[in-house]
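Undergrad: Give the three-dimensional model of this entry:
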Amino acid sequence: MAHHEFEPTHFHVTIGSHEPVLRIKPGDSVSTWCVDAGGHDRNFEPITPGGNPQTGPFYVEGAEPGDTLVVHFDKMYPNRQTGFTGKLVAPWVVDPHFVRHLPYEDVPTPRPPRPDERYVDLWDLDLAKGTGRLRTARPGLEALQDFALDPMLGCFGVAPDRGQAISCATSGQHGGNMDYRGFRQGVTVYFPVFVPGALLHVGDGHAIQGDGEIVGTGIEISFDVTFTVDVIKGKRAHWPRAENETEIMAVGNARPLDQCVQHATTELMRWLEQDYGLDYRASSILFGQLIRYDIGNIFDPAYTMVAKMEKRHLPRKKAP
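TA: As a prediction, the model looks like this:
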């Protein structure tokens with residue numbers, strides 16, 4: 001097991017079978033950094049085109065199609081003191097007749113390379129205290145000061161199959177732009193492996209974000225990230241999975257939203273059979289009373305739904 005310090009020099013706005021930037025082995029960890037969603041570095045300077053640029057990909061030795069890639073996020077934290085957010089909710093998250101009341105004309109487009117307050121809201125972060133505040137308060141929001149940060153990664157995943165390179169604006173079985181605020185420090189994420197080496201990409205740091213990313217952003221900011229990888233040989237997943245200390249989670253990415261629910265629920269049932277020995281009748285009993293759903297991204301082309309179950313309700317995990 002080795003630790004790697006990786007300094008990125010270029011970034012990708014698709015997740016695909018790009019040339020690996022580093023080859024690592026199961027058990028290895030990597031410390032690196034990511035630009036923000038607009039392509040700005042730790043100095044808030046634009047250094048690459050925007051669109052959730054990804055650091056990587058990282059080639060994991062021994063990972064083959066049909067395996068599962070394990071990614072544990074040891075650390076993720078902003079590395080600068082200024083972030084930005086969108087100004088208005090997406091028109092499709094409110095009633096159609098209400099859209100005409102939203103002042104979209106006050107937000108000019110296209111945006112310049114360096115965000116300013118004509119186009120976005122700016123936020124000032126105190127990284128030592130782990131707090132942030134809106135730079136220019138809106139009437140009635142004067143109390144929105146010094147709230148606690150909750151850093152998370154919005155977009156990350158592995159190369160999809162069939163040679164695809166999928167835009168970082170969307171998501172699928174490979175991961176991608178899921179914008180789920182549960183993908184924070186300490187979580188372990190499991191990806192199906194579609195290509196040799198899995199080709200892990202990471203990016204799109206948010207200092208904090210509400211459910212759904214309904215203004216099209218969290219507080220977008222550049223990030224320092226440390227992760228550790230492993231490979232589970234011969235274990236197949238169909239959709240991303242994750243776990244933290246108290247819950248297991250399955251992720252569905254699609255549109256419309258009911259299809260996300262179907263993918264996430266199905267994947268969680270598969271997982272409970274695979275690892276916990278529960279047949280579908282038993283998992284149905286659990287799900288009927290104890291399943292919980294979280295919304296990830298409902299802004300971008302594919303939506304994200306997370307089906308989750310508290311570990312305390314599950315039987316002992318089967319031996320590998």
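
Undergrad: biggest helix in this protein by residues?
TA: helix 257-276 (DSSP state H).

Undergrad: What count of nearby residues applies to residue 75?
TA: Per other CB atoms under 10 Å, the neighbour tally for residue 75 reads 14. Just so you know, the C-beta spots here come from the backbone N, C-alpha and C atoms, and that holds for glycine as well.

Undergrad: Compute the distance between the nearest residue to residue 213 once chain neighbours are set aside and residue 159, please.
TA: Leaving aside its sequence neighbours, residue 213 sits nearest to residue 179 (CB to CB, 6 or more residues apart in numbering; 4.2 Å). Plainly put, residue 179 is 20 Å away from residue 159 if you go by CB to CB, to the nearest Å.

Undergrad: and residue 85, how many residues sit next to it?
TA: 22.

Undergrad: Quick check: it touching residue 217?
TA: Yes - when contacts are counted by CB atoms under 8 Å, residue 85 is listed as touching residue 217 (4.8 Å).

Undergrad: okay, and the common contacts of these two?
TA: Taking CB atoms under 8 Å, 6 or more residues apart in numbering as the contact rule, residue 85 and residue 217 both touch residue 120.

Undergrad: Output the lowest mean pLDDT helix or strand found in this structure.
TA: strand 147-148 (a mean of 90; mean pLDDT, DSSP states H and E).

Undergrad: ok, then the element right after that one?
TA: Helices and strands here follow DSSP states H and E; after strand 147-148, the next one along the chain is strand 152-158.

Undergrad: Tell me which other helices or strands that following strand touches.
TA: strand 54-60, strand 68-78, strand 175-177, strand 188-192, strand 200-206 (3 or more CB pairs under 8 Å, 6 or more residues apart in numbering; DSSP states H and E).

Undergrad: Now do that strand against strand 200-206, angle only.
TA: Here the directions of strand 152-158 and strand 200-206 differ by 160 degrees (axes from the mean of the first three to the mean of the last three CA atoms, to 10 degrees).

Undergrad: How far off centre is strand 152-158?
TA: 3 Å (CA atoms, centre = their mean, to the nearest Å).

Undergrad: what's around the nearest residue to residue 141 once chain neighbours are set aside, how many residues?
TA: Using CB to CB, 6+ apart and skipping the chain neighbours, the partner closest in space to residue 141 is residue 134 (6.6 Å). Residue 134 has 17 neighbours, counted by other CB under 10 Å.

Undergrad: pretty sure residue 134 contacts residue 117?
TA: No - in this structure residue 134 lies outside contact range of residue 117 using CB under 8 Å: 10.6 Å.

Undergrad: I figured residue 294 hits residue 179, correct?
TA: No - Residue 294 is not in contact with residue 179 according to CB under 8 Å; the separation is 11.2 Å.

Undergrad: Quick check on these two: which one has the bigger neighbour count.
TA: When residue 294 and residue 179 are compared for neighbours, residue 179 comes out ahead with 31 against 18, by other CB under 10 Å.

Undergrad: Isn't that one up against residue 299?
TA: Yes - at 7.3 Å, residue 179 counts as touching residue 299 under the criterion of CB under 8 Å.

Undergrad: shared neighbours of these two, which are they?
TA: 212-213.

Undergrad: could you pull out the strands for the stretch 1-150 of the chain?
TA: For the stretch 1-150 of the chain, the strands defined by DSSP state E, counting those that start in this stretch cover 3-5, 14-15, 22-24, 29-34, 54-60, 68-78, 82-85, 121-126, 131-134, 147-148.

Undergrad: okay if I get the ones you listed as CSV plus distance to residue 229?
TA: Shown next, in CSV, are those (distance: least, CB to CB, whole Å):
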stretch, distance to residue 229
strand 3-5, 11
strand 14-15, 16
strand 22-24, 6
strand 29-34, 8
strand 54-60, 5
strand 68-78, 6
strand 82-85, 28
strand 121-126, 29
strand 131-134, 30
strand 147-148, 29
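
Undergrad: Looking at those, which is nearest to residue 155?
TA: strand 54-60 (7.0 Å; CB to CB).

Undergrad: So what touches that closest one?
TA: For strand 54-60, using CB under 8 Å, 6+ apart, the contacting residues are 6, 8, 11-13, 15, 18, 20-26, 30, 32-35, 69, 155-156, 158-159, 168, 197-204, 225, 229, 231.

Undergrad: any idea of the angle that strand forms with strand 200-206?
TA: On the basis of the same axes, to 10 degrees, strand 54-60 is oriented at 150 degrees to strand 200-206.

Undergrad: Which positions in stretch 209-225 come out as buried?
TA: Neighbour-count burial for stretch 209-225 flags 209, 212-225 (criterion: 16 or more other CB atoms under 10 Å).

Undergrad: ok, of those, which one's closest to residue 243?
TA: Distances from residue 243 to the buried residues of stretch 209-225, taken by CB to CB, are shortest for residue 225, at 18.8 Å.
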